[in-house]
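Undergrad: Got a sequence here, can you model it:
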Amino acid sequence: VCPAALLAQFVDGIVYDAVSGAPLAGVSVSSNGANAALVRTDASGHFRIQLQPNYLPMVTAAKAGYLQFNQRLKTAENARIELKPEAVITGKITDEDGFPAGGAQLQAMKYQVVNGRRVLSWVGVSQIGEERGQYRMDNLAAGRYYIRVYSNDAFNWDRRYVSQYLGGTLKPDDSNIVEVKIGQTLKDLDIHLVRFEGVTVTGRVEGATGNARGMGNMVSLTTDQAMPGASPASVTKDGTFTLRHVPPGTYTPRYGEQNPHAGEMSVHLPLEIADHDVRDLLLTPHVVQAVDLAGQLQLREGGPAGPWIVYLRPRFDVGVSTHTDADGSFLFKGLLPEHYAVQVMNERRPTDNPPNMGHVVAVLYGDQDAQEKGFDLDGILPKPLRITASNLLANLTGTIVDSQGAPLANANLCFQSTNSGLQGHASTNDKGSFRALLAEPGEYRVYVIDADAAATVVDDEYMKTHQGDFPMVHVALGDNPSVTLVRNPRPSQ
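TA: A predicted model of the protein is given here:
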């Protein structure tokens, strides 16, 4: 039965500054409803947008200087939207001689949870001013960031330098992590590139003829993060190539297009780069052929799997998905050679009671663990993709209070498994009560996190600092006894 508010033809509300509480004028508000229209808030922060009956749409609210709001409203009357002021980082970037480093680009990166796993992802990008080397990264949420410098113009990038993080490290370093608060402008975060020439990779492409498109007669190196490890190199008439200034890491040498078409020539194979040059690397291209990939999804607890969606996301092209059959089998047709990440989702049905909340336990490509890092198709004979999932969750209910016994109302909770690191999230009501659905049994640490910061809790320093805030809780699959979680008293300073 739809709430009475859903019968409204309009959504009325006010947009506020999340810090000052002041109403915001001139905010652009829109929805994804059938009669979607763009409106702006008036001087009192008020807006009114039309919607279709019995439907609460996703609402987007945007204003310069603030983080964009994009959520489904819980009410159609007197809706309250709070926009958080953006954080900004500015400074300049120079080379080892003190000159502006033109052709560079900066990324603000932080750990986020993807399918229950920690992944270092970029959340902000800044171009570098050519003349003075100045940069500005805006539209950042409050949080802790690793700052990465790399080339946005591989052919004109200063060859003395490779991609690096603030402090001149090749990997994220917590000693140089940057923290910004909500609405803060952090000025004069100057970055000085550290010289690191890397190694040289030379080799030959057997039977190199090139392809008709783009960079068809080039050799490049790619990483798991789909970022170039070195500037691409042209293949000479005799098939030789030279890649310079390559930092250590695991790469995939590629000849031809990043996303080759069927019938074109391509090659890719794993290559480990250490601290010495690689000579006489032989690349043997093959004609790209589309292949069919078969797979099987089974439940950990046995029984019919039910409907699931399997999604493959390549690095350089559009993702594809397919549905499992009644017996859990599935088939992808016409896949090209690529590195694919795997996502698996249960097809939730509104008629399910309780709603189907299945989750993935394991993904194997042949004998290779593909749940976190994905897998490579080489365009020859694919291995089977085997997925183990489960419809059983640990259901934990209870109340969370502070050290004085006062309920933590409207708080965002994170439960992290001490075994696998998998996380589950829940919110408390105005009485501090919660219900958490957790993917696996065992011991969990409990965290209270910021509304925007499901990623904050996976920050190593945050986890170490707050891992003792609450007693650990043990859960089993199925329903668990209700618990009261009491925040441990903070140690005296």
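
Undergrad: Show me the strands in the stretch 201-350 of the chain, by range?
TA: 218-222, 233-234, 240-246, 249-255, 265-268, 271-273, 278-283, 286-287, 291-299, 308-314, 320-323, 329-335, 338-346 (DSSP state E, counting those that start in this stretch).

Undergrad: The last one pairs with which strands, and in what direction?
TA: Which is strand 338-346. Here strand 338-346 is paired, per DSSP bridges, with strand 308-314 (antiparallel), strand 375-377 (antiparallel).

Undergrad: Could you check the angle it makes with strand 249-255?
TA: 110 degrees (axes from the mean of the first three to the mean of the last three CA atoms, to 10 degrees).

Undergrad: thinking again about what came up before, and the strands of the stretch 201-350 of the chain, which one is worst for confidence?
TA: Mean pLDDT is lowest for strand 265-268 out of those, coming in at a mean of 63.

Undergrad: Assess the claim that Gly442 and Val473 are in contact.
TA: No - the pair Gly442 / Val473 is not scored as a contact, 9.9 Å apart, by CB atoms under 8 Å. The way it works is simple: take the backbone N, C-alpha and C, and place the C-beta from them, glycine included.

Undergrad: Who has more neighbours out of those two?
TA: Val473 (19 against 16; other CB atoms under 10 Å).

Undergrad: and the nearest residue to that one once chain neighbours are set aside, what are its bridge partners?
TA: Once flanking residues are discounted, Val473 sits nearest to Tyr444: 5.3 Å by CB to CB, 6 or more residues apart in numbering. Beta bridges link Tyr444 to Ser417, Val473 when assigned by DSSP bridges.

Undergrad: ok, back up a step: out of the strands of the stretch 201-350 of the chain, which is closest to Gly143?
TA: strand 338-346 (24.0 Å; CB to CB).

Undergrad: Can I get the helix or strand immediately after that closest one in the chain as PDB, trimmed to CA atoms?
TA: Per DSSP states H and E, the first helix or strand lying C-terminal to strand 338-346 is strand 359-365. Taking Å, rounded to 0.1, in the frame of the first residue of the first chain, the C-alpha atoms of strand 359-365 are listed here in PDB:
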ATOM      1  CA  HIS A 359      25.500 -12.200  -2.200                       C
ATOM      2  CA  VAL A 360      28.600 -13.600  -3.900                       C
ATOM      3  CA  VAL A 361      30.900 -15.900  -2.000                       C
ATOM      4  CA  ALA A 362      33.600 -16.800  -4.700                       C
ATOM      5  CA  VAL A 363      34.300 -16.300  -8.400                       C
ATOM      6  CA  LEU A 364      36.700 -18.600 -10.200                       C
ATOM      7  CA  TYR A 365      37.900 -18.400 -13.800                       C
END
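
Undergrad: helix or strand right after strand 359-365?
TA: Heading C-terminal from strand 359-365 (DSSP H and E), you reach strand 368-369.

Undergrad: Centre of the chain to that following strand, how far?
TA: 21 Å (CA atoms, centre = their mean, to the nearest Å).

Undergrad: do stretch 274-292 as well
TA: On CA atoms, centre = their mean, the centre of stretch 274-292 falls 29 Å from the chain's centre.

Undergrad: neighbours around the nearest residue to Leu377 once chain neighbours are set aside, how many?
TA: Spatial nearest neighbour of Leu377, excluding adjacent residues (CB to CB, 6+ apart): Pro337 at 5.2 Å. If you count neighbours by other CB under 10 Å, Pro337 ends up with 23.

Undergrad: do Gly98 as well
TA: 8.

Undergrad: and if you look at Ala394?
TA: Ala394, neighbours per other CB under 10 Å, totals 23.

Undergrad: Spit out the contact partners of the residue lying closest to Pro23 once chain neighbours are set aside.
TA: Distance criterion CB to CB, 6+ apart; nearest residue to Pro23, sequence neighbours excluded, is Gly45 at 2.8 Å. Applying CB atoms under 8 Å, 6 or more residues apart in numbering, we find Gly45 in contact with Ile14, Val15, Tyr16, Ala22, Pro23, Leu24, Ala25, Val27.

Undergrad: of all those residues, which two lie farthest apart?
TA: Checking the contacts of Gly45 with CB to CB, the most distant pair is Ala22 and Val27, at 12.0 Å.

Undergrad: Between those two, which has more neighbouring residues?
TA: Val27 (23 against 9).

Undergrad: Tell me, what's the model's pLDDT at that one?
TA: 96.

Undergrad: Show the backbone phi and psi for it.
TA: phi -80, psi 130 (degrees, to the nearest 10).

Undergrad: heads up, I number from 557, so please use that
TA: Right, with 557 as the first residue, what we last looked at is Val583.

Undergrad: who's in contact with it?
TA: Val583 touches Val571, Arg596, Thr597, Gly601, Phe603, Ala617, Ala618, Lys619, Leu639, counting by CB under 8 Å, 6+ apart.

Undergrad: of all those, which comes closest to Gly858?
TA: Ala617 (46.8 Å).

Undergrad: Arg700 versus that closest one, what's the distance?
TA: 26 Å (CB to CB, to the nearest Å).

Undergrad: ditto for Gly961
TA: Note on Gly961: its distance to Arg700, by CB to CB, is 32 Å.

Undergrad: Worst mean pLDDT across the helices and strands of the chain, which element?
TA: strand 821-824 (a mean of 63; mean pLDDT, DSSP states H and E).

Undergrad: before we move on, the earlier item: just the strands paired with strand 894-902: most buried one?
TA: strand 931-933 (a mean of 20; mean count of other CB atoms under 10 Å).

Undergrad: next SSE after that strand?
TA: By DSSP H and E, the next helix or strand past strand 931-933 is strand 941-946.

Undergrad: Any idea how far stretch 620-628 is from the middle of the chain?
TA: 18 Å.

Undergrad: how far does it stretch from start to finish?
TA: 21 Å (CA to CA, to the nearest Å).

Undergrad: what's that stretch in contact with?
TA: Against stretch 620-628 from outside (CB under 8 Å, 6+ apart): 571, 573, 580, 612-618, 637-642, 695, 697, 1008.

Undergrad: Stretch 954-964 too?
TA: Looking at what lies outside stretch 954-964 - CB under 8 Å, 6+ apart - the contacts are 967, 969, 984, 986-990, 1002, 1004, 1026, 1038-1046.

Undergrad: and the closest residue to Gly954 other than its chain neighbours, how many neighbours?
TA: Closest residue to Gly954 apart from its sequence neighbours, by CB to CB, 6+ apart: Val1039 at 3.8 Å. Using other CB under 10 Å, Val1039 has 17 other residues around it.

Undergrad: Now that we have the contacts of stretch 954-964, which of them are buried?
TA: Ala967, Leu969, Thr984, Gly988, Ser989, Phe990, Val1002, Val1004, Phe1026, Val1039, Leu1041, Arg1043 (16 or more other CB atoms under 10 Å).

Undergrad: Any chance of those residues in a markdown table with secondary structure as columns?
TA: A markdown table is the format used below for the buried ones among the contacts of stretch 954-964 (DSSP: H, G, I helix; E, B strand; the rest coil):
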| residue | secondary structure |
| --- | --- |
| Ala967 | coil |
| Leu969 | strand |
| Thr984 | coil |
| Gly988 | coil |
| Ser989 | strand |
| Phe990 | strand |
| Val1002 | strand |
| Val1004 | strand |
| Phe1026 | coil |
| Val1039 | strand |
| Leu1041 | strand |
| Arg1043 | coil |
